[in-house]
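Student: okay, predicted coordinates and the sequence, questions at the end:
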Amino acid sequence: MSRTRGVLYPARLPEFHRLPPEAHARELAVWFWIPEWDIEPGRSSRQDIVGYPALNLVVEQGAVTLSGATTRASHRDLSGAGWAVGALLRPAAVATLTDDPAALIDAETTVDAPDLADAIGASMSTGDGRRERAVAVFSDWLVRRVGPVDDAAMRANALVDVLMGDDTVDTVEEAAMRLAVSTRTLQRLCHRHVGVSPAAMIRRRRLQVAAERLRLDPGLELSGLAADLGYADHAHLTRDFRSILGMAPRTYRAGASEKSPDESAKI
């Protein structure tokens, strides 16, 4: 997966890093994402995201929140100075944080973890190497919180690799076949560990890839892109864009390389 897949307007990002988890936490987090910003007074920077169908555990300003999968693009307006440290969670980490990930779709809840908030805050306040220290602290915390990863959790991780990884499938049936489970079992695994259906995960991955390819190749033909990604035709791709992003692919492509007019210089 690329560093900015899922970020709709990379040119508008403040300083942004995606770091891998520590080795002992690789079954618990896909990566850690760390934005840092320092926006001039009176100005703001709008960040638009079409998120992964996954849960994120985020530390910011002394608070810890758990955010669920999203059904549409979202945005956040950054102002002032600050940072956040988030973990894009693998399914194996979810069960110890929530009993019902579906209840967190397009929502978030506070997690009572002052020890994590304090440790991340201390790591991010110490200059050079702060991001790496934060990742190490966060990785250790996840491992302690989750404990041993059992076979069921490993199967849940495998489903995300099949549905969202680089070597992915285009249908639910193909995913079930590759995982050697029934489609009903696949549906249950997704609901229990992600909160959304496998079909929704496939649609989200295709949309993320489509947006990324449109940014990288402004001359790309929509019909060819739609065919490459398994859409019936470019009208189907356009419907997905409008449904999730609220705009047509051509409109998105026209603005994808532009900076926000309210963005201050990157850190």
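Tutor: Perfect, I can see it now.
Student: so Asp161 is in which element?
Tutor: Using DSSP states H and E, Asp161 sits in helix 151-164.
Student: got the angle for whatever helix or strand comes next after that helix vs helix 151-164?
Tutor: Next helix or strand after helix 151-164 toward the C-terminus (DSSP H and E): helix 172-179. Per axes from the mean of the first three to the mean of the last three CA atoms, to 10 degrees, the angle that helix 172-179 makes with helix 151-164 is 130 degrees.
Student: hey, C-alpha coordinates of helix 172-179 in CSV?
Tutor: Taking Å, rounded to 0.1, in the frame of the first residue of the first chain, the C-alpha atoms of helix 172-179 are listed here in CSV:
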residue,chain,number,x,y,z
VAL,A,172,-16.7,-11.8,-2.1
GLU,A,173,-16.9,-15.3,-3.5
GLU,A,174,-13.3,-15.1,-4.7
ALA,A,175,-12.2,-13.9,-1.2
ALA,A,176,-14.1,-16.7,0.5
MET,A,177,-12.5,-19.3,-1.8
ARG,A,178,-9.0,-17.9,-1.2
LEU,A,179,-9.6,-18.0,2.6
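Student: count of residues packed around Ser74?
Tutor: Residues near Ser74, counting by other CB atoms under 10 Å, number 14. Backbone N, C-alpha and C define where each C-beta goes, glycine included.
Student: distance check, it against Thr98.
Tutor: Using CB to CB, to the nearest Å, Ser74 is found at 19 Å from Thr98.
Student: contact partners for the closest residue to Leu28 other than its chain neighbours?
Tutor: What sits nearest to Leu28 in space, not counting adjacent residues and going by CB to CB, 6 or more residues apart in numbering, is Ala93, at 4.1 Å. Ala93 sits next to 28-29, 57, 87, 142, 145-146 when contact means CB atoms under 8 Å, 6 or more residues apart in numbering.
Student: of all the residues you listed, which comes closest to Ala134?
Tutor: Nearest to Ala134 out of the contacts of Ala93 is Ala87 (CB to CB; 10.3 Å).
Student: how far does the least confident helix or strand in the chain by mean pLDDT sit from its chain's centre?
Tutor: Every helix and strand in the chain was compared by mean pLDDT, DSSP states H and E; the lowest is strand 45-49, with a mean of 72. How far strand 45-49 lies from its chain's middle: 14 Å, per CA atoms, centre = their mean, to the nearest Å.
Student: packing partners of it?
Tutor: When contacts are defined as 3 or more CB pairs under 8 Å, 6 or more residues apart in numbering; DSSP states H and E, strand 45-49 sits against strand 74-78.
Student: next secondary structure after the strand it packs on?
Tutor: strand 81-83.
Student: enumerate the positions of that next one that are buried.
Tutor: Neighbour-count burial for strand 81-83, with 16 or more other CB atoms under 10 Å as criterion, is recorded at Trp83.
Student: just stretch 122-141 next, same as before
Tutor: 123-124, 130-131, 133-139, 141.
Student: same check on stretch 178-186?
Tutor: By neighbour count on 16+ other CB under 10 Å, the buried set for stretch 178-186 is 178-179, 181, 186.
Student: make a markdown table out of those and add pLDDT and distance to Arg155.
Tutor: Formatted as a markdown table, the buried residues of stretch 178-186 follow (pLDDT from 0 to 100; distance: CB to CB, whole Å):
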| residue | pLDDT | distance to Arg155 |
| --- | --- | --- |
| Arg178 | 93 | 12 |
| Leu179 | 91 | 7 |
| Val181 | 92 | 8 |
| Leu186 | 92 | 10 |
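Student: could you dump the residues you listed to a markdown table with distance to Leu66?
Tutor: Shown next, in a markdown table, are the buried residues of stretch 178-186 (distance: CB to CB, whole Å):
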| residue | distance to Leu66 |
| --- | --- |
| Arg178 | 29 |
| Leu179 | 26 |
| Val181 | 27 |
| Leu186 | 24 |
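Student: CA-only coordinates of the least confident helix or strand of the chain in CSV, if you can.
Tutor: Coordinates of each C-alpha in strand 45-49 appear next as CSV, following Å, rounded to 0.1, in the frame of the first residue of the first chain:
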residue,chain,number,x,y,z
SER,A,45,-5.7,23.4,6.5
ARG,A,46,-8.6,21.1,5.4
GLN,A,47,-7.7,17.4,5.2
ASP,A,48,-9.9,15.1,3.2
ILE,A,49,-9.8,11.4,3.7
